[in-house]
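Engineer: I need the structure of the sequence given here:
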Amino acid sequence: MKPIETDRLVLRNFRRKDAGGLLAYLKSPVASCFLSLTLRDTDAALAEADRRGADGAQIAVCLKDSDQLIGDLFAHAEGDTVSVGWNFNPAFSGQGYAFEAAHALFADLFEAQNIRRLYAYVEDHNLPSQKLCERLGMRREGLFLEYISFQNDDTGRPIYENTLQYALLQREWSASSKRPARGECR
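Structural biologist: Below is the predicted model:
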């Protein structure tokens, strides 16, 4: 991918040197949907960084001033529709990095790549991701009850989670990006 820069971040392909950053937040994933990506050690993190580096849908999110990996985005294309998502190191939460990165990705997908529609799946208990979707202008399209299982209970039975779907059309993005920001007059 062609790197995307924001005021504080660079979105780029993964590199081998990102292994330490990946291990920092995938050693104990916060969101259950990332449990299958759990990394046990540096060797596993190196292999994962290499795998992601070869996959154009995986996007490293790095601090612009240090190139430190702080999270990742994904954008899986399905024709003119793209499934998007994010996973950030909790040590960097509350600073607006996820919004800044996702907003830059959305702008690139809609404005440069002419994508028609984006969608994201979010667990019903993952309030920060729900708020991020809404802040990005996505609308909630549905709730899938007991949609998927990422782990089993103590007896080995699957624990099914409810999942929300959010989406945003290119025309909705274009209309909202022309509106003045809060407190701004035109």
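Engineer: count of neighbours near V82?
Structural biologist: Close neighbours of V82, defined as other Cβ atoms under 10 Å, add up to 22. All C-beta spots, glycine's among them, are computed from the backbone N, C-alpha and C.
Engineer: That one - that's part of a strand, no?
Structural biologist: Yes: if the criterion is DSSP: H, G, I helix; E, B strand; the rest coil, then V82 is within a strand.
Engineer: now D80, nearest residue through space, not along the chain?
Structural biologist: Take D80 and drop its neighbours on the chain: the residue closest to it by Cβ to Cβ, 6 or more residues apart in numbering is R116, 4.0 Å away.
Engineer: Ok, A101 next?
Structural biologist: V61 (4.6 Å).
Engineer: quick one: least confident helix or strand in this structure?
Structural biologist: Lowest by mean pLDDT, DSSP states H and E among the helices and strands of the chain is strand 139-152, with a mean of 85.
Engineer: Just the buried positions in that one, please.
Structural biologist: 147, 150 (16 or more other Cβ atoms under 10 Å).
Engineer: Just the residues contacting stretch 106-126, thanks.
Structural biologist: Residues from elsewhere that reach stretch 106-126 (Cβ atoms under 8 Å, 6 or more residues apart in numbering): 4, 31-33, 75, 77, 80-85, 129-130, 133, 136, 138, 141, 143, 161-170, 173-174, 177.
Engineer: In that stretch, which residues are buried?
Structural biologist: 106, 108-110, 115, 117-123, 126.
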